[in-house]
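In: heads up, no residue letters with this:
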(Lines give C-alpha, C1' and ligand atoms only; values in the text may rest on other atoms or scores of the structure.)
Protein backbone atom coordinates (compact mmCIF):
# COMPACT_ATOMS: atom_id res chain seq x y z
CA UNK A 1 0.00 0.00 0.00
CA UNK A 2 1.21 3.50 -0.87
CA UNK A 3 1.44 5.89 2.08
CA UNK A 4 1.84 9.66 1.91
CA UNK A 5 4.77 11.31 3.69
CA UNK A 6 2.37 12.42 6.43
CA UNK A 7 1.12 8.84 6.88
CA UNK A 8 4.67 7.44 6.92
CA UNK A 9 5.50 10.06 9.57
CA UNK A 10 2.56 8.96 11.73
CA UNK A 11 3.65 5.34 11.30
CA UNK A 12 7.11 6.36 12.54
CA UNK A 13 5.74 8.14 15.60
CA UNK A 14 5.40 11.79 14.53
CA UNK A 15 2.03 11.97 16.31
CA UNK A 16 2.98 9.72 19.20
CA UNK A 17 2.84 6.01 19.92
CA UNK A 18 -0.95 5.63 19.89
CA UNK A 19 -1.30 7.28 16.48
CA UNK A 20 1.55 5.06 15.24
CA UNK A 21 -0.30 1.98 16.53
CA UNK A 22 -3.50 3.13 14.80
CA UNK A 23 -1.54 3.60 11.57
CA UNK A 24 -0.02 0.11 11.88
CA UNK A 25 -3.56 -1.22 12.17
CA UNK A 26 -4.58 0.80 9.11
CA UNK A 27 -1.65 -0.58 7.09
CA UNK A 28 -2.25 -4.21 8.08
CA UNK A 29 -5.98 -3.83 7.39
CA UNK A 30 -5.43 -2.00 4.10
CA UNK A 31 -2.97 -4.60 2.85
CA UNK A 32 -5.27 -7.46 3.82
CA UNK A 33 -8.00 -5.67 1.85
CA UNK A 34 -5.77 -5.17 -1.18
CA UNK A 35 -6.22 -1.39 -0.88
CA UNK A 36 -3.76 0.78 -2.81
CA UNK A 37 -3.90 3.72 -0.39
CA UNK A 38 -5.69 5.35 2.52
CA UNK A 39 -8.35 7.98 2.00
CA UNK A 40 -8.89 11.07 4.16
CA UNK A 41 -12.41 10.89 5.54
CA UNK A 42 -14.56 13.95 4.86
CA UNK A 43 -17.87 12.45 6.02
CA UNK A 44 -18.55 11.00 9.46
CA UNK A 45 -17.57 8.07 11.68
CA UNK A 46 -19.98 5.74 13.49
CA UNK A 47 -18.28 3.55 16.09
CA UNK A 48 -19.07 1.01 18.77
CA UNK A 49 -17.55 2.75 21.78
CA UNK A 50 -14.59 0.80 23.03
CA UNK A 51 -10.93 1.13 22.29
CA UNK A 52 -10.84 -2.30 20.69
CA UNK A 53 -9.86 -3.16 17.16
CA UNK A 54 -9.12 -6.27 15.11
CA UNK A 55 -5.66 -7.68 15.40
CA UNK A 56 -4.67 -6.40 18.84
CA UNK A 57 -4.12 -2.72 17.96
CA UNK A 58 -6.63 -1.51 20.54
CA UNK A 59 -6.17 1.30 23.03
CA UNK A 60 -6.70 0.90 26.76
CA UNK A 61 -9.04 2.90 28.97
CA UNK A 62 -6.02 4.59 30.58
CA UNK A 63 -4.69 5.60 27.17
CA UNK A 64 -8.08 7.02 26.17
CA UNK A 65 -8.22 9.07 29.37
CA UNK A 66 -4.74 10.43 28.69
CA UNK A 67 -5.63 11.38 25.10
CA UNK A 68 -8.77 13.16 26.28
CA UNK A 69 -6.83 14.94 29.03
CA UNK A 70 -4.34 16.23 26.45
CA UNK A 71 -7.23 17.67 24.45
CA UNK A 72 -6.98 15.26 21.50
CA UNK A 73 -10.01 15.24 19.20
CA UNK A 74 -11.43 12.95 16.55
CA UNK A 75 -10.65 14.17 13.03
CA UNK A 76 -14.21 13.97 11.72
CA UNK A 77 -17.68 14.20 13.29
CA UNK A 78 -18.04 10.94 15.23
CA UNK A 79 -21.21 9.33 16.56
CA UNK A 80 -21.68 6.60 19.09
CA UNK A 81 -23.23 3.32 18.14
CA UNK A 82 -24.44 1.06 20.92
CA UNK A 83 -21.98 -0.17 23.51
CA UNK A 84 -21.02 -3.75 22.87
CA UNK A 85 -19.46 -6.22 25.30
CA UNK A 86 -20.54 -5.23 27.85
CA UNK A 87 -23.61 -3.35 26.77
CA UNK A 88 -25.70 -1.18 29.02
CA UNK A 89 -29.12 0.41 29.05
CA UNK A 90 -28.82 4.18 28.96
CA UNK A 91 -32.39 5.20 29.87
CA UNK A 92 -34.76 3.00 31.80
CA UNK A 93 -32.02 0.93 33.44
CA UNK A 94 -33.27 1.53 36.97
CA UNK A 95 -36.42 -0.52 36.46
CA UNK A 96 -35.29 -2.94 33.73
CA UNK A 97 -34.86 -5.71 36.28
CA UNK A 98 -31.88 -7.43 34.67
CA UNK A 99 -28.36 -7.67 35.99
CA UNK A 100 -25.96 -6.02 35.68
CA UNK A 101 -27.82 -3.26 33.80
CA UNK A 102 -29.90 -2.38 36.88
CA UNK A 103 -26.85 -2.01 39.11
CA UNK A 104 -26.05 1.69 39.83
CA UNK A 105 -22.33 0.96 40.22
CA UNK A 106 -22.23 -0.81 36.86
CA UNK A 107 -24.12 2.06 35.24
CA UNK A 108 -21.74 4.64 36.65
CA UNK A 109 -18.69 2.59 35.64
CA UNK A 110 -19.95 2.40 32.05
CA UNK A 111 -20.57 6.15 31.90
CA UNK A 112 -17.13 6.86 33.38
CA UNK A 113 -15.47 4.64 30.79
CA UNK A 114 -17.31 6.36 27.95
CA UNK A 115 -16.48 9.89 29.07
CA UNK A 116 -13.00 10.12 27.45
CA UNK A 117 -14.49 9.17 24.07
CA UNK A 118 -17.20 11.80 24.53
CA UNK A 119 -14.51 14.32 25.51
CA UNK A 120 -12.70 13.50 22.27
CA UNK A 121 -15.82 14.40 20.32
CA UNK A 122 -17.92 11.23 20.13
CA UNK A 123 -21.58 12.29 20.22
CA UNK A 124 -23.42 10.12 22.80
CA UNK A 125 -26.21 8.84 20.54
CA UNK A 126 -25.64 5.20 21.68
CA UNK A 127 -27.65 3.99 18.76
CA UNK A 128 -27.64 1.46 15.96
CA UNK A 129 -29.36 4.19 13.93
CA UNK A 130 -27.56 7.32 15.14
CA UNK A 131 -28.20 8.78 11.67
CA UNK A 132 -31.87 9.29 12.50
CA UNK A 133 -30.99 11.68 15.33
CA UNK A 134 -27.40 12.83 14.78
CA UNK A 135 -28.54 16.22 13.38
CA UNK A 136 -25.52 16.00 11.09
CA UNK A 137 -25.23 13.93 7.92
CA UNK A 138 -22.26 13.22 5.69
CA UNK A 139 -22.79 14.81 2.27
CA UNK A 140 -23.31 12.92 -0.97
CA UNK A 141 -20.02 11.64 -2.38
CA UNK A 142 -18.01 12.05 0.83
CA UNK A 143 -16.03 9.24 2.46
CA UNK A 144 -17.17 7.89 5.81
CA UNK A 145 -16.43 4.98 8.13
CA UNK A 146 -19.50 3.50 9.73
CA UNK A 147 -20.18 0.31 11.62
CA UNK A 148 -23.37 -1.65 12.42
CA UNK A 149 -24.88 -3.85 9.75
CA UNK A 150 -28.22 -2.03 9.55
CA UNK A 151 -26.55 1.38 9.21
CA UNK A 152 -24.16 0.55 6.37
CA UNK A 153 -26.83 0.48 3.62
CA UNK A 154 -28.20 3.75 5.00
CA UNK A 155 -24.92 5.63 4.63
CA UNK A 156 -24.15 4.16 1.21
CA UNK A 157 -27.53 3.83 -0.47
CA UNK A 158 -29.72 6.43 1.22
CA UNK A 159 -27.19 9.19 2.02
CA UNK A 160 -24.71 8.48 -0.76
CA UNK A 161 -21.65 8.82 1.48
CA UNK A 162 -19.15 6.04 0.84
CA UNK A 163 -18.39 3.65 3.64
CA UNK A 164 -17.10 0.20 4.31
CA UNK A 165 -18.01 -1.52 7.54
CA UNK A 166 -14.99 -0.19 9.42
CA UNK A 167 -15.89 2.70 11.73
CA UNK A 168 -13.87 2.44 14.93
CA UNK A 169 -11.53 4.39 17.18
CA UNK A 170 -8.69 4.16 14.67
CA UNK A 171 -10.64 5.56 11.73
CA UNK A 172 -12.03 8.39 13.88
CA UNK A 173 -8.68 9.21 15.49
CA UNK A 174 -6.69 9.26 12.24
CA UNK A 175 -9.59 10.43 10.04
CA UNK A 176 -8.55 7.84 7.48
CA UNK A 177 -9.67 4.48 6.08
CA UNK A 178 -8.31 2.07 3.48
CA UNK A 179 -9.50 3.03 -0.01
CA UNK A 180 -11.24 -0.02 -1.46
CA UNK A 181 -14.66 -1.64 -1.97
CA UNK A 182 -17.46 0.89 -1.30
CA UNK A 183 -15.16 3.93 -1.55
CA UNK A 184 -14.57 3.27 -5.26
CA UNK A 185 -17.20 4.56 -7.72
CA UNK A 186 -17.33 1.45 -9.94
CA UNK A 187 -17.98 -0.86 -6.99
CA UNK A 188 -21.11 1.12 -6.16
CA UNK A 189 -22.84 0.34 -9.46
CA UNK A 190 -25.77 -2.05 -9.35
CA UNK A 191 -25.10 -5.40 -11.00
CA UNK A 192 -28.43 -7.07 -10.22
CA UNK A 193 -31.85 -5.81 -11.28
CA UNK A 194 -34.36 -6.84 -8.62
CA UNK A 195 -38.02 -6.65 -9.54
CA UNK A 196 -40.51 -6.94 -6.73
CA UNK A 197 -43.60 -8.69 -8.10
CA UNK A 198 -45.73 -8.31 -4.99
CA UNK A 199 -46.89 -5.04 -3.40
CA UNK A 200 -45.00 -4.07 -0.26
CA UNK A 201 -47.44 -2.37 2.07
CA UNK A 202 -46.71 -3.20 5.70
CA UNK A 203 -43.42 -2.20 7.34
CA UNK A 204 -42.67 -5.89 7.86
CA UNK A 205 -43.10 -6.49 4.10
CA UNK A 206 -39.97 -4.39 3.58
CA UNK A 207 -38.20 -6.35 6.31
CA UNK A 208 -39.09 -9.67 4.62
CA UNK A 209 -38.20 -8.28 1.19
CA UNK A 210 -34.79 -7.26 2.56
CA UNK A 211 -34.30 -10.76 3.94
CA UNK A 212 -35.24 -12.45 0.65
CA UNK A 213 -32.91 -10.20 -1.36
CA UNK A 214 -30.03 -10.41 1.11
CA UNK A 215 -30.14 -14.18 1.15
CA UNK A 216 -30.14 -14.33 -2.66
CA UNK A 217 -27.46 -11.70 -3.31
CA UNK A 218 -24.85 -11.80 -0.53
CA UNK A 219 -22.28 -9.10 -1.32
CA UNK A 220 -23.79 -7.90 -4.61
CA UNK A 221 -25.25 -4.45 -5.30
CA UNK A 222 -28.89 -4.49 -6.45
CA UNK A 223 -31.22 -1.91 -7.98
CA UNK A 224 -34.82 -2.26 -6.85
CA UNK A 225 -37.94 -1.73 -8.93
CA UNK A 226 -41.52 -2.28 -7.82
CA UNK A 227 -40.97 -1.47 -4.15
CA UNK A 228 -42.83 1.85 -4.11
CA UNK A 229 -41.36 4.70 -2.10
CA UNK A 230 -40.30 3.25 1.24
CA UNK A 231 -40.52 5.68 4.17
CA UNK A 232 -37.87 6.02 6.89
CA UNK A 233 -39.21 3.15 8.99
CA UNK A 234 -39.39 0.89 5.96
CA UNK A 235 -35.91 1.79 4.70
CA UNK A 236 -34.37 1.11 8.09
CA UNK A 237 -36.13 -2.24 8.40
CA UNK A 238 -35.24 -3.25 4.85
CA UNK A 239 -31.59 -2.26 5.36
CA UNK A 240 -31.26 -4.25 8.54
CA UNK A 241 -32.59 -7.39 6.86
CA UNK A 242 -30.52 -6.89 3.69
CA UNK A 243 -27.35 -6.82 5.74
CA UNK A 244 -28.32 -9.73 8.00
CA UNK A 245 -29.51 -12.30 5.47
CA UNK A 246 -26.68 -11.19 3.22
CA UNK A 247 -24.03 -8.51 3.13
CA UNK A 248 -25.76 -5.93 0.95
CA UNK A 249 -23.89 -2.70 1.75
CA UNK A 250 -25.23 -0.69 -1.16
CA UNK A 251 -28.34 -0.61 -3.33
CA UNK A 252 -30.25 1.77 -5.53
CA UNK A 253 -33.91 2.73 -5.77
CA UNK A 254 -34.07 4.56 -9.10
CA UNK A 255 -35.76 7.92 -8.63
CA UNK A 256 -35.37 7.83 -4.85
CA UNK A 257 -31.76 7.18 -3.76
CA UNK A 258 -29.18 9.84 -4.66
CA UNK A 259 -26.83 7.87 -6.88
CA UNK A 260 -29.66 6.61 -9.08
CA UNK A 261 -31.73 9.41 -10.60
CA UNK A 262 -32.58 6.82 -13.27
CA UNK A 263 -32.35 3.05 -13.67
CA UNK A 264 -29.47 3.51 -16.13
CA UNK A 265 -27.57 5.61 -13.59
CA UNK A 266 -27.95 2.84 -10.99
CA UNK A 267 -26.00 0.54 -13.31
CA UNK A 268 -23.58 3.33 -14.26
CA UNK A 269 -24.62 2.81 -17.88
CA UNK A 270 -23.82 -0.91 -17.97
CA UNK A 271 -26.25 -3.81 -18.47
CA UNK A 272 -27.44 -5.78 -15.42
CA UNK A 273 -25.39 -8.96 -14.95
CA UNK A 274 -28.31 -10.71 -13.27
CA UNK A 275 -32.03 -10.31 -12.79
CA UNK A 276 -33.99 -11.42 -9.75
CA UNK A 277 -37.73 -11.49 -9.18
CA UNK A 278 -39.10 -11.39 -5.65
CA UNK A 279 -42.59 -12.82 -5.33
CA UNK A 280 -45.10 -13.23 -2.54
CA UNK A 281 -43.79 -16.80 -2.15
CA UNK A 282 -40.29 -15.45 -1.43
CA UNK A 283 -41.66 -13.21 1.31
CA UNK A 284 -43.60 -16.16 2.75
CA UNK A 285 -40.43 -18.25 2.77
CA UNK A 286 -38.66 -15.53 4.79
CA UNK A 287 -41.69 -15.25 7.08
CA UNK A 288 -41.54 -18.99 7.76
CA UNK A 289 -37.84 -18.75 8.65
CA UNK A 290 -38.68 -15.99 11.12
CA UNK A 291 -41.47 -17.91 12.81
CA UNK A 292 -39.30 -20.36 14.64
CA UNK A 293 -41.14 -22.74 16.93
CA UNK A 294 -44.81 -23.45 17.45
CA UNK A 295 -45.75 -22.05 20.85
CA UNK A 296 -47.92 -18.96 20.94
CA UNK A 297 -47.51 -18.51 24.72
CA UNK A 298 -45.25 -15.47 24.51
CA UNK A 299 -43.25 -14.48 27.60
CA UNK A 300 -41.34 -11.56 26.08
CA UNK A 301 -42.20 -8.96 23.45
CA UNK A 302 -39.30 -7.07 21.94
CA UNK A 303 -39.81 -4.05 19.70
CA UNK A 304 -37.15 -1.67 18.43
CA UNK A 305 -34.73 -3.47 16.14
CA UNK A 306 -33.32 -1.30 14.71
CA UNK A 307 -34.18 1.24 17.41
CA UNK A 308 -37.67 2.62 17.02
CA UNK A 309 -37.99 6.13 15.62
CA UNK A 310 -40.40 8.64 17.16
CA UNK A 311 -43.17 7.76 14.72
CA UNK A 312 -42.94 4.07 15.62
CA UNK A 313 -43.01 4.96 19.32
CA UNK A 314 -46.02 7.21 18.80
CA UNK A 315 -47.86 4.36 17.09
CA UNK A 316 -46.83 1.92 19.82
CA UNK A 317 -48.06 4.28 22.53
CA UNK A 318 -51.38 4.57 20.68
CA UNK A 319 -51.71 0.77 20.62
CA UNK A 320 -50.95 0.56 24.34
CA UNK A 321 -53.05 3.51 25.53
CA UNK A 322 -55.40 2.45 28.29
CA UNK A 323 -54.28 -1.20 28.08
CA UNK A 324 -52.18 -3.40 30.38
CA UNK A 325 -49.55 -5.79 29.11
CA UNK A 326 -49.58 -9.35 30.45
CA UNK A 327 -46.00 -10.19 29.49
CA UNK A 328 -42.69 -8.41 29.70
CA UNK A 329 -42.52 -5.89 26.86
CA UNK A 330 -39.51 -3.83 25.81
CA UNK A 331 -39.58 -0.97 23.34
CA UNK A 332 -36.09 0.17 22.49
CA UNK A 333 -34.84 3.42 21.05
CA UNK A 334 -31.86 5.77 21.07
CA UNK A 335 -31.04 8.34 23.73
CA UNK A 336 -32.35 11.32 21.79
CA UNK A 337 -35.63 9.82 20.60
CA UNK A 338 -36.18 8.67 24.18
CA UNK A 339 -36.14 12.32 25.28
CA UNK A 340 -38.60 13.27 22.54
CA UNK A 341 -40.89 10.42 23.61
CA UNK A 342 -40.78 11.71 27.17
CA UNK A 343 -41.65 15.25 26.06
CA UNK A 344 -44.54 13.98 23.97
CA UNK A 345 -45.95 11.87 26.80
CA UNK A 346 -45.47 8.59 24.91
CA UNK A 347 -43.17 7.27 27.59
CA UNK A 348 -45.82 7.76 30.25
CA UNK A 349 -48.44 6.00 28.12
CA UNK A 350 -46.04 3.09 27.65
CA UNK A 351 -45.13 3.04 31.36
CA UNK A 352 -48.80 3.10 32.37
CA UNK A 353 -49.41 -0.01 30.28
CA UNK A 354 -46.63 -1.87 32.09
CA UNK A 355 -44.40 -1.98 29.00
CA UNK A 356 -40.95 -0.41 29.18
CA UNK A 357 -39.31 2.19 26.97
CA UNK A 358 -35.52 1.80 27.07
CA UNK A 359 -32.61 3.40 25.28
CA UNK A 360 -29.08 2.41 24.34
CA UNK A 361 -29.22 -1.39 24.30
CA UNK A 362 -31.23 -4.27 22.87
CA UNK A 363 -31.80 -7.95 23.73
CA UNK A 364 -29.07 -8.89 21.26
CA UNK A 365 -26.45 -6.75 22.95
CA UNK A 366 -27.59 -8.03 26.32
CA UNK A 367 -26.87 -11.50 24.84
CA UNK A 368 -30.43 -12.64 25.31
CA UNK A 369 -30.53 -11.88 29.04
CA UNK A 370 -33.78 -9.93 29.32
CA UNK A 371 -35.73 -11.74 32.04
CA UNK A 372 -35.11 -10.81 35.68
CA UNK A 373 -32.77 -11.25 37.29
CA UNK A 374 -30.47 -12.82 34.70
CA UNK A 375 -32.45 -15.21 32.51
CA UNK A 376 -33.43 -15.99 28.94
CA UNK A 377 -36.96 -15.78 27.57
CA UNK A 378 -38.72 -18.86 26.15
CA UNK A 379 -41.07 -17.49 23.49
CA UNK A 380 -40.39 -14.04 22.06
CA UNK A 381 -42.60 -11.95 19.76
CA UNK A 382 -40.85 -9.40 17.56
CA UNK A 383 -41.20 -7.44 14.34
CA UNK A 384 -37.61 -7.53 13.06
CA UNK A 385 -35.92 -10.23 10.98
CA UNK A 386 -32.48 -9.18 12.24
CA UNK A 387 -33.15 -9.59 15.93
CA UNK A 388 -35.32 -12.62 15.26
CA UNK A 389 -32.54 -14.50 13.52
CA UNK A 390 -29.90 -13.63 16.13
CA UNK A 391 -31.88 -14.18 19.33
CA UNK A 392 -31.74 -17.97 19.01
CA UNK A 393 -27.95 -17.74 18.79
CA UNK A 394 -27.67 -15.31 21.68
CA UNK A 395 -29.70 -17.59 23.91
CA UNK A 396 -27.93 -20.80 22.77
CA UNK A 397 -27.85 -23.43 24.22
CA UNK A 398 -31.12 -22.31 25.84
CA UNK A 399 -33.89 -22.99 23.32
CA UNK A 400 -35.94 -19.94 22.51
CA UNK A 401 -38.87 -19.80 20.10
CA UNK A 402 -39.61 -16.72 18.03
CA UNK A 403 -42.91 -15.41 16.70
CA UNK A 404 -42.57 -12.82 13.98
CA UNK A 405 -45.29 -10.34 13.15
CA UNK A 406 -46.33 -6.74 12.74
CA UNK A 407 -46.17 -4.19 15.52
CA UNK A 408 -49.92 -4.57 16.01
CA UNK A 409 -49.62 -8.36 16.31
CA UNK A 410 -46.73 -8.06 18.78
CA UNK A 411 -48.58 -5.53 20.95
CA UNK A 412 -51.66 -7.73 20.87
CA UNK A 413 -49.46 -10.61 22.08
CA UNK A 414 -48.14 -8.35 24.86
CA UNK A 415 -51.68 -7.52 26.00
CA UNK A 416 -53.19 -11.00 25.70
CA UNK A 417 -50.12 -13.18 26.34
CA UNK A 418 -50.95 -15.10 23.17
CA UNK A 419 -49.45 -14.52 19.75
CA UNK A 420 -52.14 -14.60 17.07
CA UNK A 421 -50.17 -13.26 14.11
CA UNK A 422 -50.86 -14.64 10.67
CA UNK A 423 -49.24 -14.47 7.26
CA UNK A 424 -50.61 -11.41 5.40
CA UNK B 1 0.11 -47.66 -3.54
CA UNK B 2 -1.86 -45.27 -5.67
CA UNK B 3 -0.62 -41.69 -5.61
CA UNK B 4 -3.33 -39.29 -4.54
CA UNK B 5 -4.07 -36.36 -6.81
CA UNK B 6 -3.39 -32.92 -5.53
CA UNK B 7 -5.38 -29.88 -6.61
CA UNK B 8 -3.79 -26.44 -6.49
CA UNK B 9 -5.85 -23.31 -5.89
CA UNK B 10 -4.36 -19.86 -6.31
CA UNK B 11 -5.82 -16.96 -4.38
CA UNK B 12 -4.99 -13.60 -2.84
CA UNK B 13 -3.34 -13.25 0.55
CA UNK B 14 -5.44 -11.79 3.33
CA UNK B 15 -3.13 -12.73 6.21
CA UNK B 16 0.14 -14.61 5.93
CA UNK B 17 1.63 -17.75 7.40
CA UNK B 18 1.59 -21.45 6.64
CA UNK B 19 -0.78 -24.05 8.04
CA UNK B 20 -2.42 -27.34 7.16
CA UNK B 21 -5.34 -29.38 8.35
CA UNK B 22 -8.52 -31.17 7.50
CA UNK B 23 -11.10 -29.09 5.65
CA UNK B 24 -14.44 -28.08 7.10
CA UNK B 25 -16.52 -26.65 4.26
CA UNK B 26 -19.67 -24.56 4.33
CA UNK B 27 -21.52 -23.94 1.09
CA UNK B 28 -23.67 -21.49 3.00
CA UNK B 29 -22.42 -18.10 4.19
CA UNK B 30 -21.30 -17.84 7.80
CA UNK B 31 -22.81 -15.37 10.24
CA UNK B 32 -21.26 -14.01 13.42
CA UNK B 33 -22.32 -12.05 16.52
CA UNK B 34 -24.93 -14.09 18.44
CA UNK B 35 -24.68 -16.83 15.86
CA UNK B 36 -21.06 -17.73 16.53
CA UNK B 37 -19.93 -19.29 19.79
CA UNK B 38 -16.30 -18.13 19.94
CA UNK B 39 -15.56 -20.08 23.09
CA UNK B 40 -16.68 -23.46 21.82
CA UNK B 41 -15.57 -22.62 18.30
CA UNK B 42 -18.67 -23.29 16.24
CA UNK B 43 -21.60 -21.61 14.58
CA UNK B 44 -24.89 -21.61 16.46
CA UNK B 45 -26.92 -20.20 13.57
CA UNK B 46 -30.22 -22.07 13.56
CA UNK B 47 -30.69 -24.44 10.62
CA UNK B 48 -27.05 -24.02 9.52
CA UNK B 49 -25.33 -27.17 8.16
CA UNK B 50 -22.33 -26.49 10.47
CA UNK B 51 -24.49 -25.91 13.58
CA UNK B 52 -22.35 -26.89 16.59
CA UNK B 53 -19.67 -28.45 14.34
CA UNK B 54 -16.30 -27.39 15.86
CA UNK B 55 -13.85 -25.63 13.55
CA UNK B 56 -10.91 -25.81 15.96
CA UNK B 57 -7.77 -26.83 14.05
CA UNK B 58 -9.70 -27.22 10.78
CA UNK B 59 -9.15 -25.36 7.55
CA UNK B 60 -12.45 -23.49 7.53
CA UNK B 61 -13.68 -22.99 3.95
CA UNK B 62 -16.84 -21.04 3.19
CA UNK B 63 -18.60 -18.93 0.59
CA UNK B 64 -19.17 -15.45 2.01
CA UNK B 65 -19.77 -13.64 5.30
CA UNK B 66 -23.14 -12.17 6.16
CA UNK B 67 -24.67 -10.09 8.90
CA UNK B 68 -23.25 -8.13 11.79
CA UNK B 69 -19.76 -6.80 12.48
CA UNK B 70 -19.82 -9.40 15.24
CA UNK B 71 -18.52 -11.70 12.50
CA UNK B 72 -15.20 -10.98 14.19
CA UNK B 73 -16.35 -13.59 16.73
CA UNK B 74 -14.78 -16.24 14.48
CA UNK B 75 -11.47 -14.45 15.11
CA UNK B 76 -12.13 -14.04 18.82
CA UNK B 77 -11.95 -17.86 19.04
CA UNK B 78 -8.19 -17.38 19.32
CA UNK B 79 -8.71 -16.12 22.88
CA UNK B 80 -10.13 -19.54 23.71
CA UNK B 81 -7.75 -21.61 21.60
CA UNK B 82 -10.62 -22.81 19.44
CA UNK B 83 -9.62 -21.00 16.22
CA UNK B 84 -9.39 -22.73 12.84
CA UNK B 85 -5.99 -23.62 11.36
CA UNK B 86 -6.69 -21.46 8.31
CA UNK B 87 -9.53 -19.34 6.93
CA UNK B 88 -10.44 -19.62 3.25
CA UNK B 89 -13.39 -17.95 1.57
CA UNK B 90 -14.76 -17.30 -1.89
CA UNK B 91 -15.51 -13.62 -1.44
CA UNK B 92 -15.42 -11.31 1.54
CA UNK B 93 -15.18 -7.76 2.80
CA UNK B 94 -13.96 -6.16 5.99
CA UNK B 95 -15.99 -8.68 8.04
CA UNK B 96 -13.75 -11.52 6.88
CA UNK B 97 -10.60 -9.36 7.02
CA UNK B 98 -11.22 -8.37 10.64
CA UNK B 99 -11.95 -11.97 11.58
CA UNK B 100 -8.73 -13.13 9.88
CA UNK B 101 -6.63 -10.39 11.54
CA UNK B 102 -8.02 -11.30 14.94
CA UNK B 103 -7.71 -15.05 14.35
CA UNK B 104 -4.03 -14.73 13.48
CA UNK B 105 -4.04 -17.67 11.06
CA UNK B 106 -3.30 -17.81 7.32
CA UNK B 107 -6.21 -16.55 5.27
CA UNK B 108 -6.72 -16.52 1.50
CA UNK B 109 -9.58 -15.34 -0.74
CA UNK B 110 -10.42 -14.38 -4.37
CA UNK B 111 -9.36 -17.79 -5.75
CA UNK B 112 -9.07 -18.83 -9.38
CA UNK B 113 -11.67 -21.53 -8.61
CA UNK B 114 -14.52 -21.57 -6.10
CA UNK B 115 -12.93 -23.18 -3.01
CA UNK B 116 -16.29 -24.44 -1.74
CA UNK B 117 -16.72 -26.41 -4.99
CA UNK B 118 -13.19 -27.82 -5.13
CA UNK B 119 -12.65 -28.57 -1.45
CA UNK B 120 -14.87 -31.01 0.49
CA UNK B 121 -15.09 -31.56 4.21
CA UNK B 122 -12.41 -34.09 5.16
CA UNK B 123 -9.91 -33.19 2.41
CA UNK B 124 -6.39 -32.38 3.61
CA UNK B 125 -5.49 -28.78 2.85
CA UNK B 126 -2.12 -27.01 2.97
CA UNK B 127 -2.39 -23.24 3.02
CA UNK B 128 0.36 -20.77 2.26
CA UNK B 129 -1.08 -17.42 3.25
CA UNK B 130 1.97 -15.54 1.97
CA UNK B 131 1.78 -16.81 -1.61
CA UNK B 132 -1.96 -17.48 -1.67
CA UNK B 133 -1.34 -21.05 -2.83
CA UNK B 134 -3.60 -23.76 -1.41
CA UNK B 135 -2.87 -27.44 -2.00
CA UNK B 136 -5.76 -29.87 -1.65
CA UNK B 137 -5.38 -33.63 -1.20
CA UNK B 138 -8.75 -35.27 -1.71
CA UNK B 139 -9.86 -37.65 1.01
CA UNK B 140 -10.01 -41.34 0.07
CA UNK B 141 -13.52 -42.27 -0.99
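Out: Now that the structure is in, tell me what you want to look at. Because the structure is predicted, anything quoted here is derived from the model rather than measured.

In: quick one: low-confidence parts of chain B?
Out: Counting by pLDDT under 70, the ranges of chain B that qualify are B:1-4.

In: what's the answer for the stretch 1-150 of chain A, then?
Out: For the stretch 1-150 of chain A (pLDDT under 70), the answer is A:51-52.

In: Would you mind naming what in it lies close to chain B?
Out: Residues of the stretch 1-150 of chain A found near chain B (CB under 8 Å from any CB of the partner chain) are A:28-29, A:32-34, A:48, A:54-56, A:84, A:147-149. Placement of C-beta: from N, CA and C, glycine included.

In: Can you lay out these as CSV showing neighbour count and distance to residue A:303?
Out: Shown next, in CSV, are the residues of the stretch 1-150 of chain A next to chain B (neighbours: other CB atoms under 10 Å in any protein chain shown; distance: CB to CB, whole Å):
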residue, neighbour count, distance to residue A:303
A:28, 19, 40
A:29, 28, 36
A:32, 25, 39
A:33, 22, 37
A:34, 16, 41
A:48, 21, 22
A:54, 25, 32
A:55, 20, 37
A:56, 13, 38
A:84, 19, 21
A:147, 24, 23
A:148, 26, 19
A:149, 29, 19
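
In: Which two among the residues you listed are spaced furthest apart?
Out: The largest separation in the residues of the stretch 1-150 of chain A next to chain B, counting by CB to CB, is between A:34 and A:84 at 27.5 Å.

In: one step back: for the residues of the stretch 1-150 of chain A next to chain B, which one is nearest residue A:181?
Out: So of the residues of the stretch 1-150 of chain A next to chain B, ranked by how close each gets to residue A:181 (CB to CB), first place is residue A:33, at 7.2 Å.

In: how close does the closest one get to residue A:233?
Out: Distance of residue A:33 to residue A:233, computed by CB to CB, to the nearest Å: 34 Å.

In: for residue A:297, same thing?
Out: 29 Å.

In: more crowded one of those two?
Out: Neighbour tally, residue A:297 and residue A:233, criterion other CB atoms under 10 Å in any protein chain shown: the higher count belongs to residue A:233, 19 against 13.

In: quick one: pLDDT of the more buried one?
Out: Looking at residue A:233, its pLDDT is 98.

In: Could you verify my assumption that it touches residue A:314?
Out: No - using CB atoms under 8 Å, residue A:233 is not in contact with residue A:314, being 11.2 Å away.

In: give me every residue that touches the closest residue to residue A:243 other than its chain neighbours.
Out: In space, and not counting its chain neighbours, residue A:243 is closest to residue A:149: 4.0 Å by CB to CB, 6 or more residues apart in numbering or on different chains. Residues near residue A:149 by CB atoms under 8 Å, 6 or more residues apart in numbering or on different chains: A:165, A:240, A:243, A:244, A:386, B:67, B:68, B:69.

In: for residue A:309, same thing?
Out: Listed by CB under 8 Å, 6+ apart, the contact set of residue A:309 reads A:129, A:132, A:232, A:233, A:236, A:333, A:337.

In: domains of chain A?
Out: As given by automatic domain parsing, the domain ranges for chain A are A:5-179, A:189-288, A:292-416.

In: what's the closest of the ones you listed to residue B:124?
Out: Using CB to CB, the domains of chain A put domain A:5-179 closest to residue B:124, at 25.7 Å.

In: one step back: which of the contacts of residue A:309 ranks first by neighbour count?
Out: In terms of neighbours by other CB under 10 Å, the contacts of residue A:309 top out with residue A:333 at 34 neighbours.

In: Residue A:93 and residue A:102 touch, don't they?
Out: Yes - counting by CB under 8 Å, residue A:102 is a contact partner of residue A:93 at 6.0 Å.

In: of all the contacts of residue A:309, which two lie farthest apart?
Out: A:232 and A:333 (13.6 Å).

In: Flag every residue of chain B that's near chain A.
Out: Selection of chain B residues close to chain A by CB under 8 Å from any CB yields B:12-15, B:29, B:31, B:33-37, B:44-47, B:63-70, B:72, B:75, B:91-95, B:97-102, B:104, B:107.

In: Are any of those buried, and if so which?
Out: B:13-15, B:29, B:31, B:33-37, B:44-46, B:63-70, B:72, B:75, B:91-95, B:97-102, B:107 (16 or more other CB atoms under 10 Å in any protein chain shown).

In: What segments of chain B are helices?
Out: B:73-76, B:94-103, B:115-118 (DSSP state H).

In: can you list the ones you listed in JSON lines and add distance to residue A:348?
Out: Formatted as JSON lines, those follow (distance: least, CB to CB, whole Å):
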{"stretch": "helix B:73-76", "distance to residue A:348": "39"}
{"stretch": "helix B:94-103", "distance to residue A:348": "41"}
{"stretch": "helix B:115-118", "distance to residue A:348": "54"}
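
In: roughly how far out does stretch B:24-38 sit from the chain middle?
Out: Stretch B:24-38 has its C-alpha centroid displaced from the chain centroid by 10 Å (CA atoms, centre = their mean, to the nearest Å).

In: That one: end-to-end distance?
Out: One end of stretch B:24-38 sits 16 Å from the other (CA to CA, to the nearest Å).

In: what does stretch A:224-237 give?
Out: 15 Å.

In: Then stretch A:56-66?
Out: With CA to CA applied, stretch A:56-66 spans 20 Å between its terminal residues.
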